[in-house]
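> Pasting the sequence and the predicted model now:
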Amino acid sequence: MFYKNIGQIMLLFWRTLKAVPNAWVERKKVYDQLFEIGNASLLMVCILALFIGGELALETGPTLVERGLSGVLGRMIGLSMCKELGPVMMAILIAGRIGSAMAAEIGSMRVYQEIDALRTMNISPVNYLVMPRMIAMVIALPALVIFAIPVGWLGGALVSTFNASISVSVETFFHDLREGIAVSDVVHGLVKAFVFAVAIGLISCHQGLVTIGGPRGIGRSVTKAVVNSIVMILILDYFVTRFLIYFQ
Amino acid sequence: MSASPQNNGNVGVAVRDLHRSFNGNEVLKGISFDVKPGETFVIMGPSGSGKSVLLKHIIGLEEPDSGEILIADQSVHGSEVLSHYRVAMVFQSGALLKSLSVGENVGLYLTEHRLKEPEEISRIVAEKLEAVGLKGLEERSPAELSGGMQKRVAIARALVVDPQLVLFDEPTSELDPLMSVNIGEQIIQMRDRLHPTIIVVTHDRDLAFAIADRIAMINEGQIQFIGTPDEVKHSRDPMIQKFIHAELTNP
Ligand SMILES: Nc1ncnc2c1ncn2[C@@H]1O[C@H](COP(=O)(O)OP(=O)(O)OP(=O)(O)O)[C@@H](O)[C@H]1O
Ligand SMILES: [Mg+2]
């Protein structure tokens, strides 16, 4: 699928890293991107996280309560949210919402020769376009995940309390959650979010930069950026988890 | 980001036996010519003959399969020319950045390379926009402008660079005759004020004869003829007559 592009993506990664020292000088571009990401996704992140937490409680709560394990519901939902579902679902959301926009914007700049125009002015597209987006992405996604985790917990707690076949009180839920979750678990989620952010940013910007063939090409690039990002998120999820378990 | 190049003065361009294929389709089949410093050199030829590809090679946006580009007698590779000299290219579409205002587009080179203070940049932008007859349009979005206006903004953007070498890709295509004359005047003004080396690709015979020091005819990836406008007009070569004729009836 995209392994033939892996070399190019790695090269783009390297060139982006080399451009990172300019980030402070280019901070206005980074702020603009951050604002755009926050603006486009904060509400969606909220809704998504609330429902994921609620849905987890709904699926697992009755069974746990039936087996007399109502005391572990908080920790179970708490851990799932911060180590797995928070980072993965938010990353998928951001791939669809922001990765697509990045591929479309850069792709159209490519197709309409705006990138060539930049290059003739000796302005590096990596510096001008890719680096600010990458920095904004690696700041925004972990921040959104930090935001999503407690919202997800809240969703879980609400369903646990109000669903008749669960009826675990909010105090019990959060008491268990606090007992069962360490800071390292949140860090685990943030490490994942960071890795996913790099992957989404690189794949989307790269796909934008290699766009050819007019408006239809831009459409193709957007689809590829989103699909490849999601596949990569799920693949990386496994390996990052393995890696983090190894170091725990 | 690299600062503005130190070199000054216009530069000669030499193209040596340039070959380039795309997917087995040979587009440039050994192109060679010289453009003298400060000369206005016009390239004409039928659609698909490789003119745009040739310009992209000269300015380093494309890499040749073989052959050489020399700028000021030095062989350049890849985008070296862009970092060593002040060059500008006016794309056929204008290629303005849609996400920026007209003023930001015109001042982009100065802003990004941090060559001037913001107030100074605003002043220069206003001056260059006035020079292309678009005074006071700084805040407009490129999408709100007509094709001809966008192209003039692109010319203003090229003027800001104070180029040593400037390339135009079909500056008058898709424009009405009055606007074509206007664009031709802009190019002449640029030449008279800054004396850059100018290479223009065009289908517009009137424009070519008005501005050219020399004209090159290119066909199927090869140079057919190079000469002054008079030599082109009076050439008995049936191929060239056909070119000119074709340009007349099917611009
Ligand atoms: N990136 C590319 N990939 C594949 N083929 C290309 C590419 N760029 C140009 N070509 C081919 O090169 C040939 C010459 O294209 P070019 O754009 O230089 O023509 P042109 O002389 O500028 O024509 P026109 O006057 O219509 O602008 C065309 O056949 C085109 O299909
Ligand atoms: Mg062309």
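Yep, it's here. Residues are numbered from 1 along each chain as shown, chains lettered A, B, ... in the order given. Ligands and ions are numbered 1, 2, ... in the order given.

> show me the contacts for the residue positioned nearest the centre of chain A.
In chain A, the centroid-proximal residue (Cα atoms, centre = their mean) is residue A:91; its distance is 2.2 Å. By Cβ atoms under 8 Å, 6 or more residues apart in numbering or on different chains, residue A:91 lies in contact with A:141, A:192, A:193, A:196, A:197, A:200, A:229, A:233. Quick note: C-beta positions are derived from backbone N, CA and C, even for glycine.

> buried subset of these?
Taking 16 or more other Cβ atoms under 10 Å in any protein chain shown as the criterion, what is buried in the contacts of residue A:91 is A:141, A:192, A:193, A:196, A:197, A:200, A:229, A:233.

> Helix or strand: which one has the residue nearest to the fifth one when sequence neighbours are not counted?
If the residues on either side of it in the chain are set aside, residue A:197 comes closest to residue A:141, at 3.9 Å by Cβ to Cβ, 6 or more residues apart in numbering or on different chains. Following DSSP states H and E, the helix or strand that holds residue A:141 is helix A:131-162.

> and of the buried ones among the contacts of residue A:91, the nearest to chain B?
Chain B lies nearest to residue A:200 out of the buried ones among the contacts of residue A:91, by Cβ to the nearest Cβ, at 20.7 Å.

> The closest one against residue A:97, yeah?
No: in this structure, residue A:200 is not within contact of residue A:97 by Cβ atoms under 8 Å, at 10.2 Å.

> Nearest to chain A: which residue in chain B?
residue B:95 (3.9 Å).

> list the buried ones in the helix or strand harbouring residue A:199?
Using DSSP H and E, the element containing residue A:199 is helix A:183-209. For helix A:183-209, a neighbour-count test (16+ other Cβ under 10 Å) marks A:185-186, A:188-209 as buried.

> Please apply the same query to stretch B:210-223.
Counting neighbours by 16+ other Cβ under 10 Å, one finds that the buried residues in stretch B:210-223 are B:210, B:211, B:212, B:214, B:215, B:216, B:217, B:218, B:219, B:221, B:223.

> ok, now stretch A:160-170?
Quick answer for stretch A:160-170 (16+ other Cβ under 10 Å): A:160, A:161, A:163, A:166, A:168.

> just curious, which of the residues you listed is nearest to residue B:75?
Of all the buried residues of stretch A:160-170, residue A:160 has the smallest distance to residue B:75: 73.0 Å, by Cβ to Cβ.

> The closest one: what's it in contact with?
For residue A:160, the contact set (Cβ under 8 Å, 6+ apart) comprises A:57, A:61, A:73, A:74, A:77, A:166, A:167, A:168, A:170, A:173.

> nearest to chain B, of the residues you listed?
Of all the contacts of residue A:160, residue A:77 has the smallest distance to chain B: 42.0 Å, by Cβ to the nearest Cβ.

> Does that closest one touch residue A:54 like I think?
No: contact criterion Cβ under 8 Å: residue A:77 and residue A:54 do not qualify, at 9.4 Å.

> Pick out whichever of these two has more residues nearby.
Between residue A:77 and residue A:54, counted using other Cβ atoms under 10 Å in any protein chain shown, the more crowded position is residue A:77 (30 against 21).

> Now do the contacts for that one.
A:53, A:56, A:57, A:60, A:152, A:153, A:156, A:160, A:173, A:177.

> what about 7 Å?
Residues near residue A:77 by Cβ atoms under 7 Å, 6 or more residues apart in numbering or on different chains: A:53, A:56, A:57, A:153, A:156.

> ok, now which ones touch the last one?
So that's residue A:156. A:53, A:54, A:56, A:57, A:77.

> Helix or strand: which one has the first one?
When you say that, I think you mean residue A:53. helix A:27-66.

> so where's the chain uncertain?
Using chain A here. A:1-3 (pLDDT under 70).

> should've been chain B
Applying pLDDT under 70 to chain B flags the ranges B:1-8, B:174, B:245-251.

> Endpoint to endpoint, stretch B:73-80 covers what distance?
Stretch B:73-80 has an end-to-end distance of 14 Å (Cα to Cα, to the nearest Å).

> before we move on, the earlier item: kindly calculate the angle that the helix holding residue A:199 makes with helix A:27-66.
Angle of helix A:183-209 versus helix A:27-66, following axes from the mean of the first three to the mean of the last three Cα atoms, to 10 degrees, is 130 degrees.

> Now do helix A:183-209 against helix A:131-162: the angle between them, please.
Using the same axes, to 10 degrees, helix A:183-209 lies at 130 degrees relative to helix A:131-162.

> what helices or strands is helix A:183-209 leaning on?
helix A:3-19, helix A:86-94, helix A:100-111, helix A:131-162, helix A:214-246 (3 or more Cβ pairs under 7 Å, 6 or more residues apart in numbering or on different chains; DSSP states H and E).

> what's the offset of that helix from the middle of its chain?
6 Å (Cα atoms, centre = their mean, to the nearest Å).

> how many neighbours does residue 115 have?
Looking at chain A here, since you left the chain open. Neighbours of residue A:115 (other Cβ under 10 Å): 24.

> hm, I was asking about chain B
If you count neighbours by other Cβ under 10 Å, residue B:115 ends up with 15.

> cool, residue B:114 as well?
Residue B:114 has 12 nearby residues by other Cβ under 10 Å.

> The one 5 residues further on now?
Counted with other Cβ under 10 Å, the neighbours of residue B:119 add up to 8.

> Would you tell me whether the helix or strand hosting it gets close to chain A?
For residue B:119, the host element (DSSP H and E) is helix B:118-131. No: judged by Cβ under 7 Å from any Cβ of the partner chain, helix B:118-131 stays clear of chain A, getting no closer than 12.1 Å.

> for that helix, which positions count as buried?
Quick answer for helix B:118-131 (16+ other Cβ under 10 Å): B:121, B:124, B:125, B:126, B:128, B:129, B:131.

> what secondary structure does the closest residue to residue B:175 other than its chain neighbours sit in?
Nearest in space to residue B:175, with sequence neighbours left out and distances taken as Cβ to Cβ, 6+ apart, is residue B:148 at 5.1 Å. State at residue B:148, reduced to three classes by DSSP: H, G, I helix; E, B strand; the rest coil: helix.

> Let me know how buried residue B:148 is, in neighbour terms.
Neighbours of residue B:148 (other Cβ under 10 Å): 18.

> That one contacts residue B:179, doesn't it?
Yes: here residue B:148 reaches residue B:179: they are 4.3 Å apart, a contact under Cβ atoms under 7 Å.

> List phi and psi for whichever residue of chain A sits closest to ligand 1.
In chain A, the residue that lies nearest ligand 1 is residue A:212 (7.4 Å; Cβ to the nearest ligand atom). The phi and psi values for residue A:212, taken as degrees, to the nearest 10, are phi -140, psi 150.

> burial count for it?
Applying other Cβ under 10 Å, we find 11 residues neighbouring residue A:212.

> how close does it get to chain B?
11 Å (Cβ to the nearest Cβ, to the nearest Å).

> Could you do residue A:91 as well?
Taking Cβ to the nearest Cβ, one finds residue A:91 at 26 Å from chain B.

> repeat for residue A:213
Distance from residue A:213 to chain B, counting by Cβ to the nearest Cβ: 14 Å.

> So which bits of the helix or strand residue B:193 falls within are buried?
Following DSSP H and E, one finds residue B:193 within helix B:177-194. Within helix B:177-194, the residues that qualify as buried are B:179, B:180, B:182, B:183, B:184, B:186, B:187, B:190, B:191, B:194, counting by 16+ other Cβ under 10 Å.

> does residue B:223 sit in a helix, a strand or a coil?
Using three-state DSSP, the structure places residue B:223 in strand.

> From what I see, it and residue B:216 are in contact.
Yes: assessed by Cβ under 7 Å, residue B:223 is found in contact with residue B:216 at 5.7 Å.

> got any residues that touch both of the two?
residue B:33.
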